[in-house]
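>>> This is a predicted model, with the sequence first.
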Amino acid sequence: MAAPPLLLPIVSETAHWVRLGTTGEGFEASPARPLLLSAEAAGIDWPSSCRNGTCRTCMQRLRAGEVSYRIEWPGLLAEEKAAGWILPCVAHPESDLVVTSPWDEDAPERSPG
Ligand code: FES
């Protein structure tokens, strides 16, 4: 009789560094959790409400790096995504990131939502 397969969790989690563009602050973010949760764990006070990608309260601007979404259609227009807008409550970091907030001086106007 063959031995049962060994069921061990595969640990492939690599944390990425998220730099906040205007302050130079940063925090580590796991690709396994939404960016908002990692920010909050690091003491960053980003606004949020629904936490499911629909209300757009948490919008941030991605200046460098890549995020992915585990939901079909986060509440962003294709043009907003192309312009770098992300929803941290449902965005998972796939690389190191540079992020700015809509209220940062150098960030362009955010789309009405
Ligand atoms: S908190 Fe509502 S879209 Fe992110």
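Structure's in. What do you need?
>>> so where is this structure shaky, pLDDT-wise?
Across the chain, the ranges flagged by pLDDT under 70 are 1-13, 105-113.
>>> Would you mind listing what in it touches the ligand?
Contacts of the chain with the ligand, taken as CB under 6 Å from any ligand atom, map to 48-51, 53-58, 75, 87, 89. Any C-beta I mention is one placed from the backbone N, CA and C, and that applies to glycine too.
>>> Any of the residues you listed buried? List them.
Among these, those scoring as buried are S48, R51, G53, C55, R56, C58, G75, L87, C89 (criterion: 16 or more other CB atoms under 10 Å).
>>> wait, which of those residues is closest to E66?
Proximity of those to E66 (CB to CB) peaks at L87, which lies at 14.5 Å.
>>> buried stuff in the helix or strand where K81 lies?
Element membership of K81 [criterion: DSSP states H and E] is helix 78-82. Of all the residues in helix 78-82, those buried under the rule 16+ other CB under 10 Å are E80.
>>> Summarise which helices and strands whichever helix or strand comes after it is packed against.
As assigned by DSSP H and E, the chain's next helix or strand after helix 78-82 is strand 85-86. The contact analysis (3 or more CB pairs under 8 Å, 6 or more residues apart in numbering; DSSP states H and E) places strand 85-86 against strand 60-64.
>>> CA-only coordinates of the strand it packs on in CSV, if you can.
C-alpha atoms of strand 60-64 as CSV (Å, rounded to 0.1, in the frame of the first residue of the first chain):
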residue,chain,number,x,y,z
GLN,A,60,-5.0,55.4,-5.2
ARG,A,61,-2.8,56.1,-8.1
LEU,A,62,-0.2,53.5,-9.1
ARG,A,63,3.0,55.2,-10.3
ALA,A,64,5.1,52.2,-10.6
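>>> what does that strand rub up against?
Here strand 60-64 makes contact (CB atoms under 8 Å, 6 or more residues apart in numbering) with 21, 35, 46, 83-88, 96-102, 104, 107-108, 110.
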